[in-house]
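**Student:** Structure for this input, please:
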Amino acid sequence: MVFNRSVLAKAALGPAAGAVLMAFMASGAIPAYQMYSVALAAVYSIVVLSVGLLAGWSGIWSVGHPAFFAIGAYFAAYGSGHDWPLEAVMLGAVATGAVLGTFLGYAGARFSTLYIALLTLAFTMVSLELINRWSSVTGGDQGAPVLQLRSVLGLGTLAGGGTEPQYLAVGAAAVVLALAVPAAASGLRMRLVAAKSHPLAARTIGIAPEAQSALAFAASAACTSFAGVLLGLITGFVSPDPFSLGFGIALVAACVLGGVGTVLGAVAGGAYLTWNPSLSSAVGLPQPVVQGLVLIGVLLFLPGGAVPFLARPARALLRRALPRREERRQAAALPLGSSSADLPVDIPPPVRTAGAESPALLRLEHLSVAYGGLKALEDASLSVRQGEILAVIGPNGAGKTTLLNVLSGLTGNGRVHGSADFAGRPLLRTRATARRRLGIGRTFQHAEVFSELTVAENVLCTRRRITAGHRASVARLLDAVGLADVADRRPAELPFGLQKRLDLARAMAEEPRLLVLDEPFGGLDAGERELLADHIRRLQARGTAVVVIDHVLDDLFSVAHRVLAFDFGRTIGEGTPDTVLEVPEVRSSYLGTVGGKAELPERVGERSVIRLRGVGHTYGGVVALRDVDLDVREGVVLGVTGANGAGKSTLAGVLHGSLHPARGSRVTDIGGGGTARTSLAPEGRALFKTLSLRENLEVAAYAAGITGAPLRERLEETTEWLPPRLRDRMSTSAAALSGGEQQMLAIARALIVGPDVLIVDEPALGLAPALVDEVYDRLVRLAHDGLTVVLLEQLLSRAMSVCHEVVVLHEGVVAAQGRPGDPSFAVLAEAAYFSGDRETAATAT
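**Tutor:** Residues are numbered from 1 along each chain as shown. Just a heads-up that it's a prediction; the model follows:
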């Protein structure tokens, strides 16, 4: 474990302050009657620190620490009565607290924060009952004295209630607080925070959240039990009263008051617990009332705690006092974090035969994954050679992410069948946390980084022990991916492109043999995608095998040696990037096939009911829409199509009005100065599964302000639109419906408000072909009734078959727009769908 001089200097402040305080105590500057309070504050500081670091680093709030506090105190009482050495008492208390803490931490890791708190609450209640009943050891309600404890290490004999234990308490607190400073800079804290921040991502780098929770709870419980021994020594008597549930709540309040997870905050919390009785007496209020008022005040006005609140202006003054180096100002001005690795490099496209002579590094055979009755993967087989880049493509829901989850062991409750071998070892029987050691690195679609760690710590936490060599290696890696200048910043301070780089850097740490990339190009601009492609080629040139999925086919194909296509969990085609889209099954999985063409109404209006001009929108730096101009004409069936991630759902939200775009304007008009009423049936249906069909419709009507007789009228009209098999089951819960039936209910729920424009997002998603035809027939019937309909559809051919007009989105841009009846538009639309070829809409229309 390596720490810089600044960390060691901060750690030395604790012992120095303790030495000064003990000198004041010895000189008489602190009155004798106050020395006990100082020692008690020191003991409480250890307990508050234990609770605060457990909450801050592991996210576990415990009200069970009074029990651990009691364990230490009763160890002191029992040991003093049986002539145990001081060191044996301390070791026994610490070991007992650690064992019980390990059990609680491991058991509680499976539960939410609320249930962990309840588990620790139950532990305290059981412990208090045991203290009261085990009178032969604890003295029951009468308590037990702490006579004296003899040290075998030369500390002399410490009499309970004497002055020597007071010095010991202050010195021990100084040491514990000092040890907490380097612990905050250690790999232990990084791994604990990583497990708390994102358990799934933590597993992919070898961190088991259950083990981290057990370790954190064990260390916290051990420190609290140690503090209990000190409490018994300075008081000279132990009874059940100080270890009540009220004290557990007071501990939590003290942590919040001082600042959760801060060393100085623990000192402030310890002082608050010690002198709160005096404060209560001074104001003439009971202690619980004062504690409650203080806690309410802190939560309202100092939510981060008193110490962090005071520290913020101090840090701001320090930053202004220190001059900034010119090169760092220039680096911060570069949006992508420029480095030597970002300079233009002449890297040729990958050789298509790369790795052909190498043995298979990864081999999957007849792999199937099922979640209940849903088969996410079915009889999938593939192999990847060392130094090969395999691209996996397919539409939304094809099973691509499930395949990556199988490789990284994140299938959850899915039933996995088949075989998988990695480097000659069976993969499916290997725990997710052990696959990192095998040589498998993983990134995530949305850059699942650890938000409470810095950029450098996000990569360092992949190591159990951190040495100077590891820090130097991480610095070189961050420089290679263009993150060296932001190494000390938190991910939330970075644009999305740099967060994606951080996700890649964490996966690249320790040089894995296989890198699994989940949509690495998604959400990046052209320059960022080019840089990412260069990084992938560099990895391949070093012999790393890469499995990558993405919907940005141009960039994906530019790095791939071989492409595997999936749909509905099955392999439907394989080939090179130049040939795979020519496979009929692959092409139809993206563009779709048309079974029957619904008859559209011939006449539509010319007036635009919704107009978008220059609309753009981003999510945390990810561009979803860019400069969209769109007119939705009255009575038209407008299809919006594009691959997954093209921006369709964002556009649906803007058209609906529930999403306000970051840029541009939206205007609605139904003539006569009226505003068009829009309604949205969202992707995934979003039904209230526990409510009946009728209740789902009624909830939507109530939300629109429809009640009484109008509600009954609307219910009758909407129910008539549903097929007979649903009209006869209006009291059935929505969860009992099939996928197609749920989709029709979602559309009916959108219809009950009487919209002028109905927007339906991915109505065919997850449905069998027969049900797809039924849903679309009913939507076209609505168009015959004069309703304006906007369909957001992933399959181009389906949109072309049921819509008057079609818009093709590609990476948030309108790449093509026209009418399916125009012979030239089909060619333009297909090119725009795959490559974003932005022929002007005027050419197509």
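
**Student:** Let's see the helix or strand where Val827 lies as PDB, backbone CA atoms only.
**Tutor:** Under the criterion of DSSP states H and E, Val827 resides in helix 823-835. Provided in PDB are the C-alpha atoms of helix 823-835 (Å, rounded to 0.1, in the frame of the first residue of the first chain):
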ATOM      1  CA  PRO A 823     -40.000   4.300 -56.200                       C
ATOM      2  CA  SER A 824     -36.800   6.200 -55.500                       C
ATOM      3  CA  PHE A 825     -37.500   6.600 -51.800                       C
ATOM      4  CA  ALA A 826     -37.000   3.000 -50.800                       C
ATOM      5  CA  VAL A 827     -33.400   3.000 -52.000                       C
ATOM      6  CA  LEU A 828     -32.700   6.300 -50.100                       C
ATOM      7  CA  ALA A 829     -34.400   5.100 -47.000                       C
ATOM      8  CA  GLU A 830     -32.400   1.800 -46.900                       C
ATOM      9  CA  ALA A 831     -29.100   3.600 -47.300                       C
ATOM     10  CA  ALA A 832     -30.100   6.100 -44.600                       C
ATOM     11  CA  TYR A 833     -31.100   3.400 -42.200                       C
ATOM     12  CA  PHE A 834     -27.700   1.600 -42.300                       C
ATOM     13  CA  SER A 835     -25.300   4.400 -43.000                       C
END
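
**Student:** Return the distance of that helix from the chain's centre.
**Tutor:** 38 Å (C-alpha atoms, centre = their mean, to the nearest Å).

**Student:** tell me the mean pLDDT over it?
**Tutor:** For helix 823-835, mean pLDDT is 85.

**Student:** What are the buried residues along that helix?
**Tutor:** Phe825, Ala826, Leu828, Ala829, Glu830, Ala831, Ala832, Tyr833, Phe834 (16 or more other C-beta atoms under 10 Å). Using the backbone N, CA and C atoms, a C-beta is placed for each residue, glycine as well.

**Student:** That one packs against which elements?
**Tutor:** Applying 3 or more C-beta pairs under 8 Å, 6 or more residues apart in numbering; DSSP states H and E, one finds that helix 823-835 makes contact with helix 553-559, helix 584-591, helix 796-802, strand 805-810, strand 813-818, helix 841-844.

**Student:** now the residue nearest the centre of the chain, nearest residue through space, not along the chain?
**Tutor:** Nearest residue to the geometric centre of the chain (C-alpha atoms, centre = their mean): His198, 4.9 Å. Distances taken as C-beta to C-beta, 6 or more residues apart in numbering place Glu448 nearest to His198, at 5.2 Å, with adjacent residues excluded.

**Student:** Does that neighbour belong to a helix, a strand or coil?
**Tutor:** At Glu448, secondary structure determined by DSSP: H, G, I helix; E, B strand; the rest coil is coil.

**Student:** For it, give its distance to Ala398.
**Tutor:** Distance, Glu448 to Ala398, by C-beta to C-beta, to the nearest Å: 21 Å.

**Student:** between these two, who's got more neighbours?
**Tutor:** Ala398 (23 against 20; other C-beta atoms under 10 Å).

**Student:** give the contact list for the residue nearest to that one when sequence neighbours are not counted.
**Tutor:** Nearest residue to Ala398, sequence neighbours excluded (C-beta to C-beta, 6+ apart): Phe566, at 4.3 Å. Phe566 makes contact with Ala380, Val392, Ile393, Gly394, Ala398, Gly399, Lys400, Leu403, Ile572, according to C-beta atoms under 8 Å, 6 or more residues apart in numbering.

**Student:** Low-confidence ranges, the stretch 251-400 of the chain, go.
**Tutor:** Across the stretch 251-400 of the chain, the ranges flagged by pLDDT under 70 are 315-316, 318-357.

**Student:** tell me which element the nearest residue to Leu279 once chain neighbours are set aside is part of?
**Tutor:** Spatial nearest neighbour of Leu279, excluding adjacent residues (C-beta to C-beta, 6+ apart): Val290 at 6.0 Å. In the assignment (DSSP H and E), Val290 maps to helix 287-301.

**Student:** what packs against that helix?
**Tutor:** helix 245-258, helix 263-283.

**Student:** Buried residues, it. List them.
**Tutor:** Going by neighbour count (16+ other C-beta under 10 Å), the buried part of helix 287-301 is Val290, Gln291, Val294, Leu295, Val298.

**Student:** for the contacts of Phe566, which one is nearest Arg537?
**Tutor:** Checking the contacts of Phe566 against Arg537 with C-beta to C-beta, the nearest one is Val392 at 18.1 Å.

**Student:** which secondary structure elements does the strand or helix carrying Leu404 contact?
**Tutor:** Leu404 belongs to helix 400-408 when assigned by DSSP H and E. Packing partners of helix 400-408 (3+ C-beta pairs under 8 Å, 6+ apart): strand 360-371, strand 374-385, strand 389-393, strand 415-422, strand 440-442, strand 514-518, strand 545-549.

**Student:** looking at these, which is closest to Phe247?
**Tutor:** strand 440-442 (44.1 Å).

**Student:** helices or strands up against the next helix or strand after that closest one?
**Tutor:** Moving toward the C-terminus from strand 440-442, the next helix or strand (DSSP H and E) is helix 455-460. For helix 455-460, the packing partners by 3+ C-beta pairs under 8 Å, 6+ apart come out as helix 187-197, helix 468-480, helix 496-508.

**Student:** Tell me which of these approaches Gly645 most closely.
**Tutor:** Minimum separation from Gly645 across the helices and strands packed on helix 455-460 (C-beta to C-beta) falls at helix 496-508, 13.1 Å.

**Student:** Tell me which residues are up against that closest one.
**Tutor:** Here helix 496-508 has contacts from 204-205, 335-337, 441-444, 447-449, 455, 458-459, 462, 477-478, 481-483, 486, 491, 494, 515-517, 520, 523-525, 528, 532, 535, 539, 619-622, using C-beta under 8 Å, 6+ apart.

**Student:** let's see it at 6 Å
**Tutor:** 337, 441-443, 447, 449, 455, 458-459, 477, 481, 483, 491, 515, 523-524, 528, 620-622 (C-beta atoms under 6 Å, 6 or more residues apart in numbering).

**Student:** Run the angle between the strand or helix carrying Arg529 and strand 545-549 for me.
**Tutor:** For Arg529, the host element (DSSP H and E) is helix 526-541. Using axes from the mean of the first three to the mean of the last three C-alpha atoms, to 10 degrees, the inter-axis angle of helix 526-541 relative to strand 545-549 is 150 degrees.

**Student:** tell me which residues in helix 526-541 are buried?
**Tutor:** Result for helix 526-541 [16+ other C-beta under 10 Å]: buried residues Glu528, Arg529, Leu531, Leu532, Ala533, Asp534, His535, Ile536, Arg537, Arg538, Leu539, Gln540.

**Student:** Mind giving me the packing neighbours of that helix?
**Tutor:** helix 553-559 (3 or more C-beta pairs under 6 Å, 6 or more residues apart in numbering; DSSP states H and E).
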